[in-house]
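build the 3D model from these lines:
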Amino acid sequence: MNTGVIHAGPRTTRIGCDGLAEKPLREIPAGGIVKWTDEQGITHYEDYRGSAAPAEMQLVTRFPDTKEYFSLNIETASGTLPASFKSKISKKAIWIYEHYRTLLDERYLSRADVHLVVHNNRGEYEVVKNQYVGEKSEDVPGFYIVTGNRAEILHEGNDEQTLKVMVHEVVHVINNQLFGPLPRWLNEGLATYVESLDRDQQRPASSGERLRFIKKQVGLPLLENTSVRQLLATEKEIWTLQGRRVYYPLSQLLVTYLLQPENSEFSQPFLHELAAQKCGGMDVFDYIETHYRRGITGLDANFRHWLRENGSVAEQ
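Model prediction:
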């Protein structure tokens, strides 16, 4: 089932998977700088806010309008968090939405209500995790819940690590808002791709940077022993600890490859179709098999060639 649309005058309203109208991105007038001259002939400059400059003042420059992408609510089940957490997460989430604007038509972008619950007590966190994920689930410091755009995070004193986990889970919430349920490899790959936005250049880390990071952090897995077809087929599997050591970095690299400019002829229609069918759960495996040139076999060959060019996988 695709998300529906209601045509109301010049504006098209998308209907979300819950049957309610989605919230479109809202323009926030940023204002600008104006100048005026007092009775002594002295020129003054000052900021103004809103969509129009005061009539009695001369416009010098206008700031670009911004968008309201989401509302962010952070709840602590117990204890407190640094006051800077919300602003840091908001700033990162804005960058992520800005990047998605370069990948998606704006009709597929909608505002998300992001709700984060942080637990300072592991016991309380495990109770919630077991309730939603299951008692035999992976030992992870955070997880997101599809219904309610909510994520639960464990905070055990390491503020930097907790902030990193919070950002990662926010990306999952945003992905769910924009694309609906995704195969794990694609969800994790997109999350690590967009959360690596360079705060100066506002771009994802390059393929070379990502490869160097993987080598440094986890040691380069034996990528040549896992095919793209194998990775895509893990959609309904539980990733074991051993499997995660390969699947996580392989997912990062595959999404990085798919979103390279030379692949835009495939990746942009792919992302648009994911967004258009977010309520119906598009068969990603089948889509790639039928829409990528030479299917998954062709994707595997091209991906390995790209990896070899980056010096990560030996020629086979």
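
for the longest helix along the chain, buried residues please.
Among the segments of the chain that qualify as a helix by DSSP state H, the longest is helix 159-179. Neighbour counts over helix 159-179 (16 or more other C-beta atoms under 10 Å) mark 162-163, 165-179 as buried. Every residue, glycine included, has its C-beta placed from N, CA and C.

repeat for stretch 52-71
Buried residues in stretch 52-71, counted by 16+ other C-beta under 10 Å: 53, 57, 62, 67, 69-70.

of all the residues you listed, which two lie farthest apart?
57 and 70 (33.4 Å; C-beta to C-beta).

pLDDT on the longest helix of the chain, on average?
Here helix 159-179 scores 87 as its mean pLDDT.

tell me the helix or strand right after it.
Next helix or strand after helix 159-179 toward the C-terminus (DSSP states H and E): helix 184-194.

and that next one, what does it pack onto?
Applying 3 or more C-beta pairs under 8 Å, 6 or more residues apart in numbering; DSSP states H and E, we find helix 184-194 packed against helix 85-103, helix 159-179, helix 241-258.

this structure: strands as residue ranges?
Taking DSSP state E as the criterion, the chain carries its strands at 4-8, 11-15, 26-28, 32-37, 43-48, 58-62, 66-68, 70-76, 112-119, 142-145, 150-154.

make a markdown table out of those and add distance to residue 303.
Output for these, formatted as a markdown table (distance: least, C-beta to C-beta, whole Å):
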| stretch | distance to residue 303 |
| --- | --- |
| strand 4-8 | 35 |
| strand 11-15 | 33 |
| strand 26-28 | 39 |
| strand 32-37 | 46 |
| strand 43-48 | 49 |
| strand 58-62 | 45 |
| strand 66-68 | 34 |
| strand 70-76 | 32 |
| strand 112-119 | 31 |
| strand 142-145 | 27 |
| strand 150-154 | 30 |
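
how far away is the residue of the chain positioned farthest from its centre from residue 57?
In the chain, the residue that sits farthest from the middle, by C-alpha atoms, centre = their mean, is residue 40; the gap is 53.9 Å. Distance, residue 40 to residue 57, by C-beta to C-beta, to the nearest Å: 17 Å.

could you do residue 84 as well?
Taking C-beta to C-beta, one finds residue 84 at 35 Å from residue 57.

next one: residue 94
In terms of C-beta to C-beta, residue 94 sits 29 Å off from residue 57.

then residue 290?
From residue 290 across to residue 57, the span is 59 Å (C-beta to C-beta).

show me where the stretch 101-250 of the chain dips below the pLDDT cut-off.
136-137, 197-224, 236-238, 241 (pLDDT under 70).

would you agree residue 89 is in contact with residue 166?
Yes: with contact defined as C-beta atoms under 8 Å, residue 89 reaches residue 166; the gap is 5.7 Å.

what count of nearby residues applies to the residue lying closest to residue 229 once chain neighbours are set aside?
Among residues not flanking residue 229 along the chain, residue 296 sits closest, at 5.0 Å (C-beta to C-beta, 6 or more residues apart in numbering). By the measure other C-beta atoms under 10 Å, the count of residues near residue 296 is 20.

next up, the contacts around residue 296.
228-229, 232, 285, 288-289 (C-beta atoms under 8 Å, 6 or more residues apart in numbering).

what about it, distance to residue 307?
Residue 296 sits at a distance of 16 Å from residue 307 (criterion: C-beta to C-beta).

now do residue 82
In terms of C-beta to C-beta, residue 82 sits 39 Å off from residue 307.

same check, this time on residue 101
Distance check for residue 101 against residue 307: by C-beta to C-beta, it reads 29 Å.

and for residue 168?
24 Å.

make a markdown table out of the contacts of residue 296 and add neighbour count.
Below are those laid out as a markdown table (neighbours: other C-beta atoms under 10 Å):
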| residue | neighbour count |
| --- | --- |
| 228 | 22 |
| 229 | 15 |
| 232 | 20 |
| 285 | 14 |
| 288 | 20 |
| 289 | 17 |
